[in-house]
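Chemist: No letters, just coordinates:
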């Protein structure tokens, strides 16, 4: 029989192994301009950030979700100030069986009934992002998989696609990228960023999504190769490049299927919210924390729907809300909302 002592009863019980956050090298302020690019996980964290900063200061996946390091790099290269890459590759347009036009370097969320309409849509998005990119002080990049798909037919043949758009598998050659090749590509890109935009910091993260279609072993190998790529970039570029351990927080700190969505592959909303809180703890300055809390409280109040809009109570509420809004604008000026 196991005897439990009084001392044992008083010890705090731990049901997780907290992941230590790396030394703070990113300090986000109310003046920060940020970009989130990569997998759906970048979307989730970016949307949280968009609640904390004005819309003009946050850019989220201008190409739609991207998953592999080749497609992410190809997209980012076009935004460099001295880039010679075409903003939108002219050979990347194609028409689907339902008559819609899409582009191989963009996700399925970009679609139009004509090539001209799609090209106009993509150029408008690119121009907006290009303008913001030069002002970005922190670039967040989320890798998800090192599996890449290369088109085998048409004008865009031998190029890596960002999304297969549910086209026949015979059109693609699937490969995994050698670490040496990925290091070469990313060394070149980050060197250009560091030279042309020395004020910018780069933060890598790794998506916790599990690629069971490749098998659990291969999924883990892919994550390991991406971690080695990030580690090499940190070694080469020092404090210019950081890593936020979102992958480790989900897989090692939470470490339970309760924290996954119904498909047991994607993190649940509760998990995303938890990772976001750890991220805030790591990256937010006290100034941004205070600003974001005031901003969120005001935005929630502005979206309040009254039961009786004609009541005295609601009119009093609107007067107080307007006073709070003006005080917020006076305090933060152009950063207000």
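Modeler: Yep, it's here. Nothing here was measured: the structure is a model prediction, and the numbers come from that model. Residues are numbered from 1 along each chain as shown.

Chemist: okay, CA-based contacts and neighbour counts for the rest of this
Modeler: Fine.

Chemist: Point to the residue nearest the middle of the protein.
Modeler: Nearest to the mean C-alpha position of the chain, by Cα atoms, centre = their mean, lies residue 42 at 1.9 Å.

Chemist: So what's the gap between stretch 17-35 and the chain middle?
Modeler: Its chain's C-alpha centre and that of stretch 17-35 lie 14 Å apart, by Cα atoms, centre = their mean, to the nearest Å.

Chemist: which residues of the stretch 1-150 of the chain fall in helices?
Modeler: Under the criterion DSSP state H, counting those that start in this stretch, the stretch 1-150 of the chain contains helices at 6-10, 40-52, 69-77, 115-133.

Chemist: scratch that, the stretch 201-337 of the chain is what I was asking about
Modeler: 216-237, 246-248, 269-283, 286-302, 312-332.

Chemist: possible to save the helices of the stretch 1-150 of the chain as a markdown table with mean pLDDT?
Modeler: As requested, the helices of the stretch 1-150 of the chain are exported to a markdown table (pLDDT from 0 to 100):
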| stretch | mean pLDDT |
| --- | --- |
| helix 6-10 | 51 |
| helix 40-52 | 94 |
| helix 69-77 | 97 |
| helix 115-133 | 96 |
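
Chemist: Could you dump those into a markdown table and include distance to residue 172?
Modeler: Supplementary listing: those in a markdown table, determined by distance: least, Cα to Cα, whole Å:
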| stretch | distance to residue 172 |
| --- | --- |
| helix 6-10 | 60 |
| helix 40-52 | 22 |
| helix 69-77 | 15 |
| helix 115-133 | 22 |
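
Chemist: Whichever strand or helix holds residue 191: which residues count as buried?
Modeler: Take DSSP states H and E as the rule and residue 191 turns out to sit in helix 179-196. Under the neighbour-count criterion of 16 or more other Cα atoms under 10 Å, helix 179-196 has 182-183, 186-187, 189-190, 192-194 buried.

Chemist: thinking the residue nearest to the centre of the chain is in contact with residue 142, fair?
Modeler: Yes - between residue 42 and residue 142 there is a contact at 5.9 Å, judged by Cα atoms under 8 Å.

Chemist: re earlier: looking at the helices of the stretch 201-337 of the chain, which one is packed in the most?
Modeler: Ranked by average neighbour count under the criterion mean count of other Cα atoms under 10 Å, these are headed by helix 246-248 at a mean of 20.

Chemist: returning to what we had before: save the helices of the stretch 201-337 of the chain as CSV, and put in mean pLDDT too.
Modeler: Below are these laid out as CSV (pLDDT from 0 to 100):
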stretch, mean pLDDT
helix 216-237, 96
helix 246-248, 95
helix 269-283, 94
helix 286-302, 91
helix 312-332, 83
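
Chemist: Quick check: which of those is nearest to residue 73?
Modeler: With Cα to Cα as the criterion, residue 73 lies closest to helix 216-237 of the helices of the stretch 201-337 of the chain, at 13.1 Å.

Chemist: Report the angle between that closest one and helix 179-196.
Modeler: Counting by axes from the mean of the first three to the mean of the last three Cα atoms, to 10 degrees, helix 216-237 lies at 40 degrees to helix 179-196.

Chemist: what's helix 216-237 packed up against?
Modeler: helix 179-196, strand 201-206, strand 241-243 (3 or more Cα pairs under 8 Å, 6 or more residues apart in numbering; DSSP states H and E).

Chemist: Please tabulate those in CSV and include distance to residue 226 and mean pLDDT as additional columns.
Modeler: Conversion of the helices and strands packed on helix 216-237 to CSV gives the following (distance: least, Cα to Cα, whole Å; pLDDT from 0 to 100):
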stretch, distance to residue 226, mean pLDDT
helix 179-196, 8, 96
strand 201-206, 8, 97
strand 241-243, 12, 97
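
Chemist: Can you lay out those as CSV showing distance to residue 31?
Modeler: Shown next, in CSV, are those (distance: least, Cα to Cα, whole Å):
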stretch, distance to residue 31
helix 179-196, 21
strand 201-206, 15
strand 241-243, 20
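
Chemist: about what we covered before: quick check: neighbours shared by residue 42 and residue 142?
Modeler: Shared contacts of residue 42 and residue 142 (Cα atoms under 8 Å, 6 or more residues apart in numbering): residue 36.

Chemist: Hmm, residue 301 is touching residue 321, no?
Modeler: Yes - Residue 301 lies in contact with residue 321 (Cα under 8 Å); the separation is 7.3 Å.

Chemist: on that earlier part again, residue 286: which of the helices and strands packed on helix 216-237 is closest?
Modeler: Proximity to residue 286, assessed across these by Cα to Cα, is greatest for strand 201-206 (19.4 Å).

Chemist: now the angle from the closest one to helix 216-237?
Modeler: Using the same axes, to 10 degrees, strand 201-206 lies at 170 degrees relative to helix 216-237.

Chemist: what separates strand 201-206 from the chain centre, distance-wise?
Modeler: 9 Å.

Chemist: can you offset everything so residue one is 337?
Modeler: Happy to do that; since the first residue is 337 now, the last one works out to strand 537-542.

Chemist: tell me the angle it makes with helix 376-388.
Modeler: Using the same axes, to 10 degrees: strand 537-542 against helix 376-388 is 130 degrees.

Chemist: Mind listing the strands strand 537-542 pairs with, and their directions?
Modeler: Sheet pairing for strand 537-542, assigned by DSSP bridges, gives strand 474-479 (parallel), strand 577-579 (parallel).
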